[in-house]
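Chemist: any chance you can model this:
(one chain, ligands or ions: 3)
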Amino acid sequence: MNWGQCAQNRLSEIAACSVDATGVTRFPFTPQHAAALDVIRLWMSQAGLQIHMDAAGTLVGRKEGPKGAPSFLIGSHQDSVRNGGKYDGIMGVVLGCLALEKLMSDGVALPFSVEILAFADEEGVRFPTALMGPRALAGTFDPAILDMMDKDGVSLRTALARFGGDPDCVASLARDPAKTLGYLEVHIEQGPVLEAKDSALGVVTGICGIERNTVTFTGDTGHAGTVPMDSRRDALVAASDFISAIHDAAKQATDLRATVGALSLHPNVVNAIPRAVELTLEIRALSDAVRDDFARLARSLGEATSEDRHVGFSMQRTYEQSAVPCNDDLIDTLSTAAGAICPAAPHLPSGATHDASAMADLCPISMLFVRCKDGVSHKPEEFATSDDMDAAIQAIADFLKALNANFR
Ligand code: HGY
Ligand code: MN
Ligand code: MN
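Modeler: Ligands and ions are numbered 1, 2, ... in the order given. Predicted coordinates:
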């Protein structure tokens, strides 16, 4: 069986569960999500798993181990960004199912149970929150997020209930850490390191922390043709000063990324001076202390700009995830498994965040990266080869065989 080719075929199949054909657009609790779960149910049943969808909309496929044995969890997210690629997230579900199928066909019985988890929402694109599924399992779910709305004014609570989840039971999904061996997420690297090292696989050492802020500049509008240039309080000119200053400061920082990814201006018409600009400032760093320092610097840059341009400034943190290390024992076991197939497999940090970031509050976590072409992701050109995915499936199977039921 060419497991890698099977993975490629399945990823092409599920990529069709998308709003349109420009890459993949599959948001949580939508018809595209429902169609994707129907396809994943088929794969889970082919791997001999017991299947159910939990109250948070996570599709769970379970391979029962010996009575009373703990569980090892493998998962990633089914959702995508807008016009994203067909590997980000869903590849971790596909490869997990195929690794279990491979173990089954090799007649291997593991000394613990294994679950494959297809989480509903990791990207946080439809709702201003993310990771409800893994946070529910980790017992860190905040019910307040259920009242958050998407751009059409639909609350997460309503969307989840309409989808067949149960908002009132999400909090009761918390797993017992004593019965959870650990978690593995297999994901495309979404960066250039593995390609540069000519390595199909990489073992992740830790996942960066992330915060998102809403920044607002408020000036004054007026007639574009009559208000003299030296008496304007143009919010967009202030915002552009701020964005350039942030970019230049981030280039000087260590292991840090700062991005202004979304911006809206008012009144947003061709012949009126912009009165207000609202933008998002996302900051990521492997060290939470470095990220906090940069957030303070960003605020001071905003205050300086507002003085300079005679406009108002505000900065409000709307989302935060701490940096999390992967578990050393799992790193060792995964390195041995991956290294046997791919001797060049390096250890590397993850600049992207993942469901594993939240699972770290439940159990030891591990991540296996798969090389992706040109390191690109979050766009239709995202690509991983069948051979690299075949290597990953072999590594997952060997990793599970090497784990013993009481490694913790
Ligand atoms: O933004 C991220 O790092 C992830 O792809 N959601
Ligand atoms: Mn992503
Ligand atoms: Mn992802």
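Chemist: for the spatially most distant residue from the centre of the chain, helix, strand, or coil?
Modeler: Distance from the C-alpha centroid of the chain peaks at Thr226, with 47.8 Å (CA atoms, centre = their mean). At Thr226 the chain is in coil, as set by DSSP: H, G, I helix; E, B strand; the rest coil.
Chemist: the longest helix seen in the chain: which residues count as buried?
Modeler: When the chain is parsed with DSSP state H, its longest helix is helix 288-309. Within helix 288-309, the residues scored as buried using 16 or more other CB atoms under 10 Å are 288, 290-291, 294-295, 297-299, 301-302, 305-306, 309. The way it works is simple: take the backbone N, C-alpha and C, and place the C-beta from them, glycine included.
Chemist: sheet partners, orientation included, of the helix or strand that that helix is followed by?
Modeler: Downstream of helix 288-309, the first helix or strand assigned by DSSP states H and E is strand 312-321. If you go by DSSP bridges, strand 312-321 pairs up with strand 209-218 (antiparallel).
Chemist: returning to that earlier point: tell me what the longest helix of the chain is packed against?
Modeler: strand 209-218, helix 235-252, strand 256-266, strand 276-285, strand 312-321 (3 or more CB pairs under 8 Å, 6 or more residues apart in numbering; DSSP states H and E).
Chemist: nearest to Ile331, of those?
Modeler: strand 209-218 (18.9 Å; CB to CB).
Chemist: how long is stretch 175-194 end to end?
Modeler: 34 Å (CA to CA, to the nearest Å).
Chemist: show me what from the stretch 151-300 of the chain comes close to ligand 3.
Modeler: Within the stretch 151-300 of the chain, no position is near ligand 3 by CB under 5 Å from the ion.
Chemist: hmm, 6 Å instead?
Modeler: The stretch 151-300 of the chain has residues His187 near ligand 3, with proximity defined as CB under 6 Å from the ion.
Chemist: show the residue spans covered by the strands in the stretch 101-250 of the chain.
Modeler: Here the stretch 101-250 of the chain has its strands, by DSSP state E, counting those that start in this stretch, at 113-119, 180-188, 201-207, 209-218.
Chemist: how far away is Gly153 from Asp147?
Modeler: Distance of Gly153 to Asp147, given as CB to CB, to the nearest Å: 12 Å.
Chemist: who has more neighbours, these two?
Modeler: The neighbour comparison of Gly153 against Asp147 (other CB atoms under 10 Å) goes to Asp147, with 11 against 7.
Chemist: sorry, back to before: and ligand 1, is the longest helix of the chain touching that?
Modeler: No - judged by CB under 6 Å from any ligand atom, helix 288-309 and ligand 1 are separated, with a smallest distance of 13.9 Å.
Chemist: pLDDT on that helix, on average?
Modeler: Helix 288-309 shows a mean pLDDT of 97.
Chemist: then stretch 22-29?
Modeler: The model assigns stretch 22-29 a mean pLDDT of 97.
Chemist: also stretch 60-72?
Modeler: The model assigns stretch 60-72 a mean pLDDT of 96.
Chemist: those helices in this protein, which residues are they?
Modeler: Using DSSP H, helices in the chain cover 3-15, 31-46, 90-105, 132-138, 156-163, 193-196, 235-252, 288-309, 328-341, 355-359, 386-402.
Chemist: check whether the third one contacts ligand 3.
Modeler: By that I understand helix 90-105. No - judged by CB under 6 Å from the ion, helix 90-105 makes no contact with ligand 3; its nearest approach is 8.0 Å.
Chemist: now the longest helix of the chain and strand 256-266, what's the angle there?
Modeler: 40 degrees (axes from the mean of the first three to the mean of the last three CA atoms, to 10 degrees).
Chemist: give me every residue that touches the closest residue to ligand 3 within the stretch 201-350 of the chain.
Modeler: As assessed by CB to the ion, ligand 3 sits closest to Ser350 within the stretch 201-350 of the chain, at 9.7 Å. Counting by CB atoms under 8 Å, 6 or more residues apart in numbering, Ser350 makes contact with His187, Val204, Gly206, Ile207, Cys208, Met367, Phe369.
Chemist: let me know how buried the last one is, in neighbour terms.
Modeler: Other residues within reach of Phe369, judged by other CB under 10 Å, total 27.
Chemist: so it touches Gly202, yeah?
Modeler: Yes - assessed by CB atoms under 8 Å, Phe369 is found in contact with Gly202 at 4.0 Å.
Chemist: who touches both of those two?
Modeler: In contact with both Phe369 and Gly202: Glu189, Leu194, Leu348, using CB under 8 Å, 6+ apart.
Chemist: excluding residues flanking it in the chain, which one is nearest the second one?
Modeler: Right, Leu194. Arg371 (3.9 Å; CB to CB, 6 or more residues apart in numbering).
Chemist: my read: the one you found touches Ala196, true?
Modeler: No - between Arg371 and Ala196 there is no contact under CB under 8 Å: 9.8 Å.
Chemist: neighbour count winner among those two?
Modeler: Arg371 (28 against 11).
Chemist: follow-up on the earlier one: dump the strands of the stretch 101-250 of the chain to CSV, plus mean pLDDT and mean neighbour count.
Modeler: Below are these laid out as CSV (pLDDT from 0 to 100; neighbours: other CB atoms under 10 Å):
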stretch, mean pLDDT, mean neighbour count
strand 113-119, 98, 26
strand 180-188, 98, 27
strand 201-207, 97, 23
strand 209-218, 97, 21
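Chemist: ligand 1 is nearest to which of those strands?
Modeler: Closest to ligand 1 of those is strand 209-218 (CB to the nearest ligand atom; 6.8 Å).
Chemist: the inter-axis angle of that closest one versus strand 276-285?
Modeler: 160 degrees.
Chemist: show me what the residue of the stretch 201-350 of the chain closest to ligand 3 is bridged to.
Modeler: Ile207.
Chemist: many thanks, I have nothing further to ask.
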